[in-house]
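[1] sequence below, structure please.
(chains A and B)
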Amino acid sequence: MKRKIPVVEQVLLYLVLIAGLAVTIVPFYWMVIGATNRTGDVFKIPPAFVPGKHLVENLHNLNNSILIWKSLYNSLFIAVVYSLIGLLLCAMSGYAFAKFHFRGKTVIFTTLILAMMIPYQATIIPLFQMFVKLDMLNTYSAVILPQLVYVFPIFLMTQNMKAVPTSLLEAARIDGAGEFHIFFRIVLPTMTPALAAVTIFLFNHQWNNFMWPLIVMNTKDMYTLPVALSTLAGQNSIDYGQAMLGTSISVLPVIVVFLFMQKYFVSGILGGAVKG
Amino acid sequence: MHAVAENRQPERKRKSFVTVKTMPYILIAPIVTLFTVFYIYPIFYSILLSFQTRVRGEYVFAGFKNYVRMFQDPIFYKALGNSFLILAIQVPLMLTLATLLAVALNVSWLKFKGLFRIGYFTPVLTSLVAASVIFLLILNKDYGLLNYVLSLAGIEPIGWLSDGFWPLVTLIIVITWRWTGYNMVILLAGLQNIPHDLYEAASIDGAGRVKQFFHITLPLLKPVLLVTFIMSTIGSFQLFDEPYTLTGGGPNNRTLTLTLYLYQHGFSYFDFGYASALTYAIVFIVALLSLVQFKLAGDQD
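    Coordinates of the predicted model:
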């Protein structure tokens, strides 16, 4: 029993959705306009509405004010190393919490969950003092290490690991397989979707991380992309050609990867709240 | 199981340290160590710091001095007030938009659903700093795109980043742009869990779509809505990247948030004692909200 939807209503819904989409997308378009024009061209009245020819010039200027490629490298390096180590830690602890009985399990797990309720701000000042004492300010480790303690993906991994059949593990043990063999060769391969989601979640978390790198990184050559971008925005008269190009360089790669890996991406960024 | 069969040699199994008994401890040892050093210790140490104050370069015990100062600090109340204002305006605005979008994208006859979903999701892919920088250009008072478009309608230029209550409006616009798609996707997943028969039964009973929305969709979406509501609420007390990049908290602290204020005291004035006290104002609020969220999530299962 299909009811016919009035044409007016259909057209109206499409119009509203397209208008909303336009509002969502225009800032990206404007970013590209800004990246390819001189500030003067974007600041004309009426402004330049099409991409201009000053991309190379803007890139040159951008390279003079921030080390954009070095920052891109810093951001990538930190995010990749962080998400790989983080993934291993989450998988290991998730597997332990889901598939083993051991003394102290409940206490440790509950402590982790309770810690999830305490915002990271509570740790920032002592952590800063700690890295000052260790003489480790302005290093990749200073950004990566404290962020490895991230309870939510551990929790996520624990939930996922519960799906591994205990009988499979027991069978492998009877066959004489070592515990690490079981973990790496039997458990992890069955967890690929969850591992992908957690990797993207961690990568995204670190890629966008701002406050902590802002605190511990204090020379241009160690800035991550968000920190470098914020220094451009903090200048008295902003050169928007540079700023928009820098922003494009930080945004466009993520969008491209997203378009290819949408399924994993959405569930990854939302931390498993949504299945692809 | 082939690989397993090759590796085992039960007869001369060497005594290994790694057994079913020790394995879980080996698995959790790294995270427990990191957790203790980089989380537990700092949390307790910052409690200690919040009771200290710096006298000639040395931190000494000062009792409740920092907390007394906080409760008498008009700027603290200003920052707290800003968080509540954003909470009261931005969160309902964004969640209403996200719900309407999710319902629209869940309409059975709609085409290009995937395209719309991707489109509305793209802002989530920008870092908060990047989003703020883009809006600095669009919202420029003299030459920004938005004021240009408004001028076509005869509206005088608005000082989005400088005048009156507008900087707060700007903050709300940027956050809404960045997060609506995120919440939409979560709500859409919630909608897809509502059984179709309910709507069919309702329309046979003659209930219109507005009535269906208020009597079926909203009540059944409530658990998911609550989760997004609490996540957004926690977010508005932790705002930092956007006000730092857009306005630096100004003008006149009108966009100052608690986290930004804590950052200023900690890393501009290096007053770790007072900054730690401010930290615990945030901890208290966020922990309370998380507790509520956790209870709600627990009730759902």
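
[2] pretty sure residue A:127 is touching residue B:38, no?
    Yes: between residue A:127 and residue B:38 there is a contact under CB atoms under 8 Å: 6.7 Å. For every residue, glycine as well, the C-beta is placed using N, CA and C.

[3] got any residues that touch both of those two?
    Counting by CB atoms under 8 Å, 6 or more residues apart in numbering or on different chains, the common neighbours of residue A:127 and residue B:38 are residue A:146.

[4] comparing those two, which residue is more hemmed in?
    Counting neighbours by other CB atoms under 10 Å in any protein chain shown for residue A:127 and for residue B:38 shows that residue A:127 has the greater number, 24 against 19.

[5] how about that one, what does it touch?
    So residue A:127 contacts A:146, B:38, B:42 (CB under 8 Å, 6+ apart).

[6] repeat that for 10 Å
    By CB atoms under 10 Å, 6 or more residues apart in numbering or on different chains, the contact set of residue A:127 is A:120, A:142, A:145-146, A:212, A:215-216, B:37-39, B:41-42, B:45-46.

[7] over to residue A:84?
    With contact taken as CB under 10 Å, 6+ apart, residue A:84 is in contact with A:199, A:202, A:203.

[8] mind checking pLDDT for the first one?
    The predicted local distance difference test score for residue A:199 is 88.

[9] how much space separates it from residue B:216?
    37 Å (CB to CB, to the nearest Å).

[10] same check, this time on residue B:267
    Per CB to CB, residue B:267 is found 50 Å from residue B:216.

[11] in the chain, which residue is most central in space?
    No chain in the question, so chain A it is. The residue lying closest to the centre of chain A (CA atoms, centre = their mean) is residue A:204, at 0.7 Å.

[12] not what I meant, chain B
    Nearest to the mean C-alpha position of chain B, by CA atoms, centre = their mean, lies residue B:235 at 2.8 Å.

[13] contact partners for residue 207?
    In the absence of a named chain, this looks at chain A. A:75-76, A:78-80, A:82-83, A:200, A:224-226, A:250, A:253-254, B:125, B:127.

[14] that was the other one, I meant chain B.
    B:199, B:201, B:213, B:214, B:215, B:216.

[15] look at it and give its secondary structure.
    coil (DSSP: H, G, I helix; E, B strand; the rest coil).

[16] and it, what's its pLDDT?
    Per the predicted model, pLDDT is 82 at residue B:207.

[17] list the buried residues of the longest helix belonging to chain B.
    The longest helix of chain B (DSSP state H) is helix B:74-105. For helix B:74-105, the neighbour count (16 or more other CB atoms under 10 Å in any protein chain shown) marks B:76, B:78-80, B:82-83, B:85-87, B:90-91, B:94-95, B:97-99, B:101-105 as buried.

[18] burial check on the closest residue to chain B within chain A, number of neighbours?
    Residue nearest to chain B within chain A (CB to the nearest CB): residue A:176, separated by 3.2 Å. Per other CB under 10 Å, the neighbour tally for residue A:176 reads 15.

[19] could you do residue B:161 as well?
    Neighbour count for residue B:161, taken as other CB under 10 Å: 21.

[20] report the secondary structure state of it.
    Going by three-state DSSP: residue B:161 is coil.

[21] just the one 3 residues further on next, same as before
    Reducing the assignment to helix, strand or coil with three-state DSSP, the entry for residue B:164 is coil.

[22] quick one, what contacts it?
    Contacts of residue B:164 by CB under 10 Å, 6+ apart are B:158, B:251, B:254.

[23] now neighbour count, secondary structure and pLDDT too, for the residues you listed, in JSON lines please.
    Output for the contacts of residue B:164, formatted as JSON lines (neighbours: other CB atoms under 10 Å in any protein chain shown; DSSP: H, G, I helix; E, B strand; the rest coil; pLDDT from 0 to 100):
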{"residue": "B:158", "neighbour count": "18", "secondary structure": "coil", "pLDDT": "89"}
{"residue": "B:251", "neighbour count": "15", "secondary structure": "coil", "pLDDT": "87"}
{"residue": "B:254", "neighbour count": "21", "secondary structure": "coil", "pLDDT": "89"}
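
[24] just give me the closest of these to residue B:21.
    residue B:254 (60.0 Å; CB to CB).

[25] test my guess that the closest one contacts residue B:246.
    No: at 11.6 Å, residue B:254 does not count as touching residue B:246 under the criterion of CB atoms under 10 Å.

[26] ok, now which ones touch residue B:41?
    A:123, A:126, A:127, A:130, B:35.

[27] are any of these buried, and which?
    Neighbour-count burial (16+ other CB under 10 Å) applied to the contacts of residue B:41 gives A:123, A:126, A:127, A:130, B:35.

[28] after the helix or strand hosting the third one comes which helix or strand?
    Just to be clear, that refers to residue A:127. Using DSSP states H and E, residue A:127 maps to helix A:121-133. Sequence-wise, the next helix or strand downstream of helix A:121-133 (DSSP H and E) is helix A:140-147.

[29] and that next one, what's its mean pLDDT?
    95.

[30] okay, the angle between it and helix A:121-133?
    Put simply, helix A:140-147 runs at 150 degrees to helix A:121-133, going by axes from the mean of the first three to the mean of the last three CA atoms, to 10 degrees.

[31] chain center to helix A:140-147, what's the gap?
    15 Å (CA atoms, centre = their mean, to the nearest Å).

[32] after that helix, which helix or strand is next? Please name it.
    Where DSSP H and E defines the elements, the next helix or strand beyond helix A:140-147 is helix A:151-161.

[33] in that following helix, which residues are buried?
    Neighbour counts over helix A:151-161 (16+ other CB under 10 Å) mark A:151, A:152, A:153, A:154, A:155, A:156, A:157, A:158, A:160, A:161 as buried.

[34] on the three-state scheme, residue B:60 is what?
    Residue B:60 carries the three-state label strand when classified by three-state DSSP.

[35] rounded mean pLDDT for the longest helix along chain A, please.
    Ranked by residue count, the top helix of chain A under DSSP H comes out as helix A:68-99. Mean pLDDT, computed over helix A:68-99, is 95.

[36] ok, then the element right after that helix?
    Counting by DSSP H and E, the next helix or strand C-terminal to helix A:68-99 is helix A:105-116.

[37] could you give the angle of that following helix to helix A:68-99?
    Put simply, helix A:105-116 runs at 140 degrees to helix A:68-99, going by the same axes, to 10 degrees.

[38] briefly note if helix A:105-116 comes near chain B.
    Yes: with CB under 10 Å from any CB of the partner chain as the measure, helix A:105-116 is seen reaching chain B through A:105, A:108, A:109, A:111, A:112, A:113, A:114, A:115, A:116.

[39] quick one: buried residues of the strand or helix carrying residue B:185?
    In the assignment (DSSP H and E), residue B:185 maps to helix B:166-192. Across helix B:166-192, burial judged by 16+ other CB under 10 Å covers B:166-191.

[40] same for it, what does it pack against?
    Applying 3 or more CB pairs under 10 Å, 6 or more residues apart in numbering or on different chains; DSSP states H and E, we find helix B:166-192 packed against helix A:7-36, helix A:262-269, helix B:74-105, helix B:113-121, helix B:128-138, helix B:218-237, helix B:241-246.

[41] now those helices in JSON lines, with mean pLDDT and distance to residue A:137?
    As requested, the helices and strands packed on helix B:166-192 are exported to JSON lines (pLDDT from 0 to 100; distance: least, CB to CB, whole Å):
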{"stretch": "helix A:7-36", "mean pLDDT": "91", "distance to residue A:137": "32"}
{"stretch": "helix A:262-269", "mean pLDDT": "73", "distance to residue A:137": "30"}
{"stretch": "helix B:74-105", "mean pLDDT": "93", "distance to residue A:137": "27"}
{"stretch": "helix B:113-121", "mean pLDDT": "90", "distance to residue A:137": "36"}
{"stretch": "helix B:128-138", "mean pLDDT": "92", "distance to residue A:137": "21"}
{"stretch": "helix B:218-237", "mean pLDDT": "87", "distance to residue A:137": "28"}
{"stretch": "helix B:241-246", "mean pLDDT": "92", "distance to residue A:137": "20"}
